[in-house]
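Trainee: coordinates only, sequence not included:
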């Protein structure tokens, strides 16, 4: 007879909910109420060195984090505006990469 291998099932031992709810890290802070503004304003602010000292990719991570954290509580129109901000920020990231490759 073989003894069954005991494996730890990490998914079963996790509590229900999303990973983003348990994050406690504190980093740079975008202006209060930024995510309630227009997509253009959000993208411009998150791409700035003041909010994202490591560049616009850092701002993209903040925006994705906000969307994940808001989850199902985000209205359809607000989510659409945030997705537009992601698209604008993505264009800025591509533009900055192209500029750095030229240098």
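Mentor: Now that the structure is in, tell me what you want to look at. Source: prediction; values computed, not measured.

Trainee: Now do the same contact list for the residue nearest the centre of the chain.
Mentor: By C-alpha atoms, centre = their mean, the chain has its centre lying nearest to residue 64, at 2.0 Å. The contact partners of residue 64, by C-beta atoms under 8 Å, 6 or more residues apart in numbering, come to residue 86. No exception for glycine: its C-beta is placed from N, CA and C like everyone else's.

Trainee: Over to it. Which of the three states is it?
Mentor: At residue 64 the chain is in helix, as set by DSSP: H, G, I helix; E, B strand; the rest coil.

Trainee: Repeat that for residue 17.
Mentor: Per three-state DSSP, the secondary structure class of residue 17 is coil.

Trainee: Tell me who's in contact with residue 58.
Mentor: 28, 52.

Trainee: Poorly predicted segments of this protein, please.
Mentor: Low-confidence regions of the chain, defined here as pLDDT under 70, cover residues 1-16, 19-20, 23-27.
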